[in-house]
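J.: heads up, no residue letters with this:
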């Protein structure tokens with residue numbers, strides 16, 4: 001989930017799909033492990049797990065695509081079929097995400113505040129979601145037919161759909177799609193100069209505008225920054241695969257280049273045990289696309305997934321793969337406060353902390369520490385209060401006494417612990 005925000009944009013309509021049986025107890029069961037049925041079964045009914053799943057995606061959309069329409073869709077309408085059951089599901093959603101739930105930011109996720117998610121309500125059934133029977137293709141559930149018509153109506157009103165597009169831009173788009181979908185020699189990525197040759201009549205500024213629009217509409221991935229603009233990605237999965245060669249659970253997932261990478265024993269240990277990757281190791285992991293290594297490295301920085309270590313421009317901190325370690329005990333009293341996250345002009349406090357945002361917070365703190373002359377972060381504690389980072393906490397130094405950040409999963413917040421009673425510098 002570290003990468004999903006790469007694909008979230010305001011210019012879209014999002015369906016957040018959940019299993020209604022998780023909110024209404026029908027007695028249904030499911031395998032504990034679909035790959036090993038011998039482990040037995042468990043109840044499908046899981047209100048807390050469903051709420052956690054929905055909160056993750058609704059919060060992600062609020063963070064990265066606020067303003068886009070969001071449609072909640074409940075599946076398994078063949079077994080959760082009655083109006084009474086649908087009302088029970090609606091009440092569960094309202095209790096978890098509605099205006100009465102203070103821990104949810106007073107209705108931010110179900111459209112009860114000025115800067116809330118734009119949830120499409122099911123006015124026909126007076127519900128905040130759309131219950132569908134997805135058990136068979138024919139006959140099509142009438143709710144699905146209504147949903148299709150509703151999406152068409154939503155898109156007709158969207159400014160990004162009604163904006164006039166030059167015909168030459170359409171032609172460029174079709175040419176790019178043809179190359180991406182070529183079954184004999186698909187091109188998942190192209191140099192910008194090669195893209196320009198597909199539309200020789202387009203001036204440079206028009207080409208730039210077209211690529212930016214295609215990116216905003218999710219048709220391709222393109223960033224205009226000097227370090228990134230040389231390449232245009234036609235298939236986003238290409239980027240996911242390249243980044244996943246670096247950011248992954250190394251105890252579960254192996255990559256093609258791992259045997260070669262392990263030969264760089266020192267660099268491999270630094271990556272898998274301390275979350276620090278070297279330029280040499282990146283060259284190895286991305287050997288099949290060596291010409292793109294500078295671009296891919298810059299992309300990691302752009303997305304807040306990595307940052308150069310101070311004094312070591314060829315080594316990068318990757319917070320998402322920092323090790324899980326116990327918080328070291330402090331020998332001196334610590335003052336505590338909670339770091340509140342606010343988004344938007346209304347300064348609404350959000351009681352959630354997206355995984356990617358925590359990682360980027362560590363990156364920014366590390367960069368700030370380097371700017372103020374703090375010591376390099378390498379995952380090990382050194383004398384004199386040097387910085388140390390782990391998966392869920394960090395000890396940092398902004399040029400003065402060290403302080404701690406801790407991720408509080410239960411409260412969806414960040415705890416700041418400082419030895420000074422008035423940590424204005426922090």
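T.: The structure has been received and is ready for your questions. Given the structure is predicted, the values throughout are model-derived calculations rather than measurements.

J.: contacts and neighbour counts: CA atoms only from here.
T.: Fine.

J.: State the distance from the residue lying closest to residue 248 once chain neighbours are set aside to residue 273.
T.: The spatial neighbour of residue 248 that comes closest, neighbours along the chain excluded (Cα to Cα, 6 or more residues apart in numbering), is residue 321 at 7.0 Å. Relative to residue 273, residue 321 is positioned 8 Å away (Cα to Cα, to the nearest Å).

J.: For those two, indicate the residue with more neighbours.
T.: residue 321 (22 against 15; other Cα atoms under 10 Å).

J.: The more buried one against residue 247, yeah?
T.: Yes - if you go by Cα atoms under 8 Å, residue 321 and residue 247 touch, sitting 6.5 Å apart.

J.: Can you show me the helices along the stretch 151-300 of the chain?
T.: 159-162, 167-180, 192-198, 204-216, 236-244, 258-262, 265-274, 279-285, 293-302 (DSSP state H, counting those that start in this stretch).

J.: which stretch among these comes nearest residue 36?
T.: For those, distance to residue 36 was read as Cα to Cα. The smallest value, 25.7 Å, belongs to helix 236-244.

J.: Any regions of this structure where pLDDT drops low?
T.: 1-2, 99-116, 310-312, 340-352, 354-356, 371-387, 410-412, 420-426 (pLDDT under 70).

J.: pretty sure residue 414 belongs to a strand, no?
T.: Yes - membership of residue 414 in a strand is supported by DSSP: H, G, I helix; E, B strand; the rest coil.

J.: count of residues packed around it?
T.: 23.

J.: same thing with residue 236?
T.: With other Cα under 10 Å as criterion, residue 236 counts 17.

J.: Next up, the contacts around it.
T.: Residue 236 is in contact with 188, 220, 221, counting by Cα atoms under 8 Å, 6 or more residues apart in numbering.

J.: Would you mind giving the helices of the stretch 151-300 of the chain as CSV with distance to residue 313 added?
T.: Shown next, in CSV, are the helices of the stretch 151-300 of the chain (distance: least, Cα to Cα, whole Å):
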stretch, distance to residue 313
helix 159-162, 40
helix 167-180, 34
helix 192-198, 27
helix 204-216, 30
helix 236-244, 19
helix 258-262, 20
helix 265-274, 15
helix 279-285, 9
helix 293-302, 12
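
J.: between those helices, which gets nearest to residue 141?
T.: Closest among the helices of the stretch 151-300 of the chain, using Cα to Cα: helix 159-162, at 27.5 Å.

J.: Just the closest of the contacts of residue 236 to residue 129, please.
T.: residue 220 (30.3 Å).

J.: Quick check: closest non-adjacent residue to that closest one.
T.: Nearest one to residue 220, counting by Cα to Cα, 6+ apart, is residue 234 at 4.8 Å.

J.: Neighbour-wise, give me the winner out of the contacts of residue 236.
T.: Ranking these using other Cα under 10 Å puts residue 220 first, with 23 neighbours.

J.: okay but it is in contact with residue 235, surely?
T.: Yes - taking Cα under 8 Å as the definition, residue 220 is a contact partner of residue 235 at 6.6 Å.

J.: can you count the residues close to residue 37?
T.: That count, for residue 37 with other Cα under 10 Å as the rule, works out to 11.

J.: From residue 31, how far out is it?
T.: From residue 37 to residue 31 the distance is 6 Å (Cα to Cα).
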